[in-house]
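Colleague: Okay, here's the prediction I keep looking at, along with the sequence it came from:
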Amino acid sequence: MMMNDIFDVNNIEFNSNTKTKDEALQFIASFAENAGIVKSAKAYYKGLKKREKEVTTGFKDGIAIPHSKHKTVIKPALMLVKYDHPIEWESMDDKPVHITFALAIPEGKNQEHLKVLSTISRALIDEDFTNSILAASSKEDMYQLVQGKLSDLND
Amino acid sequence: MSQKKIVGVTACSAGIAHTYMAAESLEKAGTEKGYQIKIETQGSIGVENALTDQEIEEADVVILAVEINIDMSRFNGKRVMRVRASEAIKNPDELIENALNEATIYGEKGAKAGSVTMGKTEEGGFFQHIMAGISYMIPMVIASGLILAIANVYAFQRDEAGRIIEWGFDTSTVMGELMSHLFDVGQVGFLLMIPLFAGFVANSIAGKPAIAAAMIGTYIANDAEMLGAEAGGGFLGAILVAFATGYLVKLLKKIPYPKLIQPIVPIMLIPLVSTLLISLFVLYVVGNPMASMMNFMYDGLTTLNENYAAAPVLVGVIIGAMIGIDLGGPFNKTALVFGTAVFTDTVAKYGIEGANFVPQTATQAAISVAPLGIWLASILFKKKFSPTEKVSAHSAFGMGIVGVTEGAIPFAAQDPVRMITAFVAGSAVAGGLAAGLGIKFYGGIGSPIGTFIGYIEQPIPFITWIFSVMMGVLVTALIIGFTKKKVE
């Protein structure tokens, strides 16, 4: 199934030692390399940084959505990281971030995965969804919540 | 109050996250407020949920939450609020309310939208307004032009000698009766299309309050009888009236009206005042100069014709050029009237053998050059015409081939310098050749097929006439083709 390629339970991680935005981006990048999502963690990290410079991806209520479209990306993916420490992200409501929804997008013309990723972006506007995600304590719960949002696409 | 309608576009530099978050956020907030809202996303997927022209037209306000340059032309004349995409994510409720209350008409120079100044002069410039008018005029040009063209084919009757030169419908037959009605139908379209064009040009400049004055003013400017002139102002007159109205209404909008009468300002006060002022302007300021200009041109042609009777090429070139310059406006009409008058006068004086055919032949050789030139250019230079332009160019062929020159008007209005240059050059060539080669146009359709549907005396039967007209068409097409830019 399309969606499992982009997101499964293994793409969710808990992080206990990251304290800054920069560390968080580095963590996401190496996580992506280990998971075989990107070729080079360094290149992906640079891509994420570049996007943050254009405009912050910090959203509201403790959520950020760092993303990069980069040639180092092997397969499109969504990665969820939940942090123990609140992280300053220059977000829209100035609140620190607890969860990042990181997107890795390969270059090229494949449109299907972009649909999935745009659905995730839209889902963040739904406060019920973001509240549940923030409250969820297990990877399995978080996975079910995201999958619930994405299921519209698979109908 | 009916339900408020809001449309919008979201786009961010990456086109991955913010575009969609902004769209979702606006849709959610708008729906919760009970508005009808539709947001187009221009992201890395491409355009999704695209807005139609009708949806834009019907919307009370347009919200653009964009960080990249997008095509603004379709929002001409609409109230537009432009902000960064993050603004729509952060505070959609406030944004929507601000947009409904404070958005300004797009297309005005220096119009402020949100905190971003969009007033690049060219964005709200002359051609944006002209294009807005043309897009509304084209369907009417095509529908009425083709109906007129069909009817016109049936309008030529044979005289006693069997020559097809009499123009008029034989209403004693069912077909003739029907065609004479269809001809009237087409005429109504041509009568309406010029004011329609002006109305929407003015709308693009200053919004709905400007439509009444522009349409009424242009109707008068195009009505020879009301003006006391030999012909109306044509589309050049329409452009003049539309811009005069647009900027007048913009001025009227700037007056600080007392709060009490503010609600009636856009629907009553401005339309009334602007219609009065523009109509008087057209009647008393435009009418007389135009009538005297036409008289002046007419006298000039008479002198020319008398002094250069030995140089029919020169007379033909000048008359041809006048036909191409304004496609149904004062120049064109003066030349046509002159051609017919000289022919009838000299026939009356010297009989058909001694008649002066030169001016009339030149007008008829030139009359189809502009629309056919456009069509030929669109065939020879396909990449330089947009899909809409191609449709217009094909229908221009349908009109041009039966001697209806108005099919070229949308092109002339949209790109006056290039098009009028090309039309004038081609029409002058056709007029000059036809006159210089000694062709005698008795009557019929002013186009290449006039030699079949009509009666034309010429050195080599059929060939000379078709050659003369087609050379003009070719010149027009080549000038357009070599100077027009490729469509992106």
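Modeller: Looks like it came in fine. Keep in mind it's a predicted model, so treat the numbers as computed, not measured.

Colleague: Can the lengthiest helix in chain A be said to contact chain B?
Modeller: Counting residues, the longest helix found in chain A (DSSP state H) is helix A:139-154. No. If you take C-beta under 8 Å from any C-beta of the partner chain as the test, helix A:139-154 misses chain B, and the best it gets is 11.5 Å. (Glycine included, C-beta is placed from N, CA and C.)

Colleague: Low-confidence ranges, chain A, go.
Modeller: A:1-4, A:109-111, A:152-155 (pLDDT under 70).

Colleague: all strands for it, in order.
Modeller: Remark: strands assigned in chain A by DSSP state E are A:12-15, A:63-64, A:67-70, A:77-87, A:97-106.

Colleague: Show me what the longest helix of chain A is packed against.
Modeller: helix A:2-6, strand A:12-15, strand A:77-87, helix A:112-123, helix A:127-135 (3 or more C-beta pairs under 8 Å, 6 or more residues apart in numbering or on different chains; DSSP states H and E).

Colleague: nearest to chain B, of the strands of chain A?
Modeller: strand A:67-70 (5.1 Å; C-beta to the nearest C-beta).

Colleague: Now do the phi/psi pair for residue 36.
Modeller: Here I'm looking at chain A. Main-chain dihedrals, residue A:36, degrees, to the nearest 10: phi 70, psi 20.

Colleague: if you could check chain B rather than the one you did, that'd help
Modeller: The phi/psi pair for residue B:36 (degrees, to the nearest 10) reads phi -90, psi 120.

Colleague: right, and it touches residue B:3 too?
Modeller: Yes. Contact criterion C-beta atoms under 8 Å: residue B:36 and residue B:3 qualify, at 5.3 Å.

Colleague: more crowded one of the two?
Modeller: residue B:36 (16 against 9; other C-beta atoms under 10 Å in any protein chain shown).

Colleague: What pLDDT does the model give that one?
Modeller: What the model reports for residue B:36 is a pLDDT of 91.

Colleague: Run through the bridge partners of it.
Modeller: residue B:5 (DSSP bridges).

Colleague: how close does residue B:451 sit to chain A?
Modeller: 55 Å (C-beta to the nearest C-beta, to the nearest Å).

Colleague: Look at the residue nearest to residue B:127 when sequence neighbours are not counted and say how many residues are nearby.
Modeller: Nearest residue to residue B:127, sequence neighbours excluded (C-beta to C-beta, 6 or more residues apart in numbering or on different chains): residue B:414, at 7.2 Å. Residue B:414 has 18 neighbouring residues, counting by other C-beta under 10 Å.

Colleague: Identify the residues contacting residue B:414.
Modeller: Neighbour list for residue B:414: B:127, B:130-131, B:134 [criterion: C-beta atoms under 8 Å, 6 or more residues apart in numbering or on different chains].

Colleague: circling back to that earlier point, any chance of JSON lines for the strands of chain A, columns distance to chain B?
Modeller: Formatted as JSON lines, those follow (distance: least, C-beta to the nearest C-beta, whole Å):
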{"stretch": "strand A:12-15", "distance to chain B": "19"}
{"stretch": "strand A:63-64", "distance to chain B": "10"}
{"stretch": "strand A:67-70", "distance to chain B": "5"}
{"stretch": "strand A:77-87", "distance to chain B": "11"}
{"stretch": "strand A:97-106", "distance to chain B": "6"}
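
Colleague: Would you reformat those strands as JSON lines and include mean neighbour count?
Modeller: Conversion of those to JSON lines gives the following (neighbours: other C-beta atoms under 10 Å in any protein chain shown):
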{"stretch": "strand A:12-15", "mean neighbour count": "17"}
{"stretch": "strand A:63-64", "mean neighbour count": "25"}
{"stretch": "strand A:67-70", "mean neighbour count": "24"}
{"stretch": "strand A:77-87", "mean neighbour count": "20"}
{"stretch": "strand A:97-106", "mean neighbour count": "25"}
